[in-house]
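# need a structure here:
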Amino acid sequence: MKTTRATLTIYHKLIALIVALLIAVVGSLALYLSSQQIAAMSAALRTKAATYGSVMASQTISAIAFSDRETAREVLTSIDADADVTSVVLYAGDGQVLYSRGAATPGLPVIDVAASRVIDTASRIAAVVPVVSLEGPRGVLVIELSTESLRVARAHVRSLALFTGLAALSGGIVAAWLIARRIARRLRAIADVASAVAGGDLTQQPINDKGRDEIGVLATAFNAMLSQIQQLLAHVQELARQEQERLAGLVAQRTAQLDARNAEMRLVFDEVDQGLFMVDLDGTLASERSAAVERLLGPAPASGKLHDYIQAFAPESAKWFALQWEMLCEGELPPELCLAQLPARFEVAQRHLELHYKLTDSDGRRRVLVVISDITARVLRQRAERDERETSSLMSRMLRGRVGFLAFHAEAAQYTTAIAAGPQDDAAFRRTVHTLKGIAALEGIESISELCHELETAMADGEARAAREAARAIADRWEHVTSKISPFIAAASNRVELVPGDLERMEGAIRGKAPANQLLAMVQSWRHERVEHRLQRFADDAHALAARLGKGSVDVAVEVLGDLRLPNDRWSGFWNAFTHAVRNAVDHGLETPDERAAHGKPTARLALRAKRDGNELVIEIEDNGRGVDWSKVAERAQTRGLPHATKSDLAEALFHDGLSTRDVASEISGRGIGLSALRHECVAIGGNVTISSTGGAGTTMRFHWHCSSAQHEPLQIAG
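Presented below is the predicted three-dimensional model:
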């Protein structure tokens, strides 16, 4: 517990000092004077005793000489009237008592007294005087005086001294109090004004102290200082008033300018297409926002919370938005990352809106600036450009290969119909989606490829609703894309595609009078697609895909021995699935130019081959890329519980549905479905597939079927 020490004021100190001095002086004087007076009285009593002894001794000489008692009595009774005399004894020379009055103090020396003596006892003063005649000592006279009068006088003197001292002390104390109070009052007056001035109160009146002593001089100096301070304050206040008036004018002028600018800015904000508003980290919307905000998003919610705003115009994104905003407020992740995860695109009332978020920090207050842009025109323009681009790509491919394009269109239509029926959690449906994604990308229909990738992602994440929406979007998009070229497809379906070599061979056969069945076989083969044309289309796709993936220049060779043609109704599924082999070779196999340069490898090469080898039809795709990572295949196979002890086990695992050496799936590859779909289509038409790969040297994938037809006849596949 803290205690406060009492502080003595100068008033108390002065009184204490003066009283202490008075006590010392008065006490000393009282003691000194009373002791002097008592000493004088004591000396007087001793003198009196000695005088009595000396006078009476001379008067009693004759009485002692003649042993005359009567004379002794007559002489000595003369001092009986003195009340101080308590006893008188006259001794003869032989010690005989000639006269005695009162009780003498025993033990006094009365024999052989040669000289007068004054002896002090407890309560008396005794004068012992020898009685001496001309003949010599005759006797001794002892006179004792009582000290009672001395004691009374001493007590009286002391009482008087005490009374006088107390009176003097009382007077001194009163005088000290008056002096101390006056001095303290004068000093307190100065201290009070000084304290008030120190506290900022400069309106104090001057100190009224006319004294000429040091305190008066101090008061006069303080009054002068206070006057100077008050004058200085008045000057400063005047300057402050003038400055305040000037600043008030400036503030009014600046306020008017700001009001005008704010009005202009408000006009600009209300006229611009972008919506602007600020949001506190707790989700509270700022009161100030551009007019475009409500025009684009609708009226702000009554709660004033951004989360409720999102719930109003985009309920499907509200939950994700709330989660990411909470992570932004917690500060566990970088703010830029949290803002990037917030939904950026919305479709509100048939408008496409884009939201940008920027974290601001003004005056230590962190808020988020939200900028809303109406990108409907841009989206429509991009869609129109995409439609035009995809239509041009389809028209170009149809012109390069009518038969192959018609086969692609028919196969893709079947895929989209199967997908539109609804997502199914089986391998066949996943292969269908993955194959459509691949062939759509190679045919230049990127919108279909992207939607297929979204469908695969939704199925992998278990989002049934998103998967259904993506499936419907694929069917709608396919119908929209093909509707633009449907007249051309109808016209192309009723035509036969020939090249000059076909006519030259027909003319040669006719001139050579070839049998009718041979001529019929040649004509029937015209309904089928040239293998060379199909592979050349894959070569073009490989070039485009390599450029898209940053693989640099790729030397793609198409090698076809003979005039090979295949019936579309049987081979369209394989050709569509062969897309995955081309995409895997470019994406998985071929390295980037920097990687090839680092390993000292030549230009990237891809070979597409087709030939008849005896009774077999062989189709190959070969690259000189990085090769298959068999160790990763073994690792993934072991994880899935597949055999992986031998090379054949690993080759079999590579074609297993769902196995991929990629850690992350992309729109190009990584799902582990493409090769499975490819082998499935190859086996479905009686073929087989083998693969050989050397790390760092490349990969060759070989497809082969048994056949029984001649080179210029329609190729028939066994089984």
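# In which helix or strand does the nearest residue to residue 478 once chain neighbours are set aside reside?
The shortest distance from residue 478 to any non-neighbouring residue, by CB to CB, 6 or more residues apart in numbering, is to residue 416 (4.3 Å). Every C-beta, even on glycine, is put in place using the N, C-alpha and C of the backbone. Secondary structure from DSSP states H and E places residue 416 in helix 402-420.
# Show the subsequent helix or strand relative to that helix.
Past helix 402-420, the next helix or strand by DSSP H and E is helix 427-442.
# Now do that next one: which elements does it pack against?
helix 402-420, helix 446-461, helix 531-548, helix 568-584, helix 674-684 (3 or more CB pairs under 8 Å, 6 or more residues apart in numbering; DSSP states H and E).
# quick revisit: can you report how many residues neighbour the residue nearest to residue 478?
Look at residue 416: counted by other CB atoms under 10 Å, it has 23 neighbours.
# and it, what does it touch?
436, 474-475, 478 (CB atoms under 8 Å, 6 or more residues apart in numbering).
# again, but for residue 56
Taking CB under 8 Å, 6+ apart as the test, what residue 56 contacts is 75-76, 79, 88, 129, 141, 143.
# tell me which element it is part of?
With DSSP H and E as the criterion, residue 56 is inside helix 10-59.
# any residues touching whichever helix or strand comes after that helix, and which ones?
Counting by DSSP H and E, the element after helix 10-59 in chain order, helix or strand, is helix 61-65. For helix 61-65, the surrounding residues in contact (CB under 8 Å, 6+ apart) are 68-69, 71-72, 75, 90, 92-93, 98-99, 131-133, 138-139.
# Report the buried members of these.
Among those, those scoring as buried are 71-72, 75, 90, 92-93, 98-99, 131-132, 138-139 (criterion: 16 or more other CB atoms under 10 Å).
# Now, those that are in strands?
If you go by DSSP state E, the buried ones among the contacts of helix 61-65 have 90, 92, 98-99, 131-132, 138-139 in strands.
# Now the two most distant members of these.
99 and 132 (17.4 Å; CB to CB).
# picking that back up, so for the ones in strands among the buried ones among the contacts of helix 61-65, which is the shakiest by pLDDT?
Among those, residue 138 carries the weakest pLDDT, at 72.
# Surely that one is in contact with residue 93?
Yes: using CB atoms under 8 Å, residue 138 is in contact with residue 93, at 5.3 Å.
# how about residue 359, secondary structure?
With DSSP: H, G, I helix; E, B strand; the rest coil as the basis, residue 359 sits in strand.
# Give me the neighbour count for it.
Neighbours around residue 359, by other CB under 10 Å: 14.
# Okay, it and residue 462: tell me how far apart.
33 Å (CB to CB, to the nearest Å).
# likewise residue 687?
Distance, residue 687 to residue 462, by CB to CB: 35 Å.
# Looking at those two, which is more packed in?
residue 687 (21 against 9).
# And the pLDDT for that one?
At residue 687, pLDDT is 90.
# so what's it up against?
With CB under 8 Å, 6+ apart, residue 687 has these contacts: 574, 703-705, 717.
# got the domain boundaries for this structure?
Here the chain is described, according to automatic domain parsing, as comprising the domains 10-163, 272-374, 388-499, 527-719.
# Give me the average confidence score over the shortest one.
It refers to domain 272-374. Domain 272-374 comes out at a mean pLDDT of 81.
# Name the helix or strand for residue 221, please.
For residue 221, the element it lies in under DSSP H and E is helix 214-271.
# Beyond the helix or strand bottoming out on mean pLDDT in the chain, next helix or strand please.
For the chain, using mean pLDDT, DSSP states H and E, the weakest element among its helices and strands is helix 486-493, scoring a mean of 65. Using DSSP H and E, the next helix or strand after helix 486-493 towards the C-terminus is helix 500-511.
# so where is the stretch 151-300 of the chain shaky, pLDDT-wise?
Within the stretch 151-300 of the chain, the segments meeting pLDDT under 70 span 262-273.
# cool, and the stretch 1-150 of the chain?
Ranges of the stretch 1-150 of the chain meeting pLDDT under 70: 1-8, 11, 111-114, 134-137.
# sorry, back to before: sitting in strands, which of the contacts of residue 687 do you find?
Reading strands off the contacts of residue 687 with DSSP E, I get 703-705.
# Among those residues, the buried ones, what's the ChimeraX command?
Selection of the buried residues among the ones in strands among the contacts of residue 687 in ChimeraX, burial being defined by 16+ other CB under 10 Å:
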select :703,704,705
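# So which of the ones in strands among the contacts of residue 687 is the closest to residue 582?
Closest to residue 582, out of all of these and judged by CB to CB, is residue 703, at 12.8 Å.
# secondary structure class for the nearest residue to the closest one once chain neighbours are set aside?
Distances taken as CB to CB, 6+ apart place residue 619 nearest to residue 703, at 4.6 Å, with adjacent residues excluded. Put simply, residue 619 is strand when judged by three-state DSSP.
# Appreciated, that's everything.
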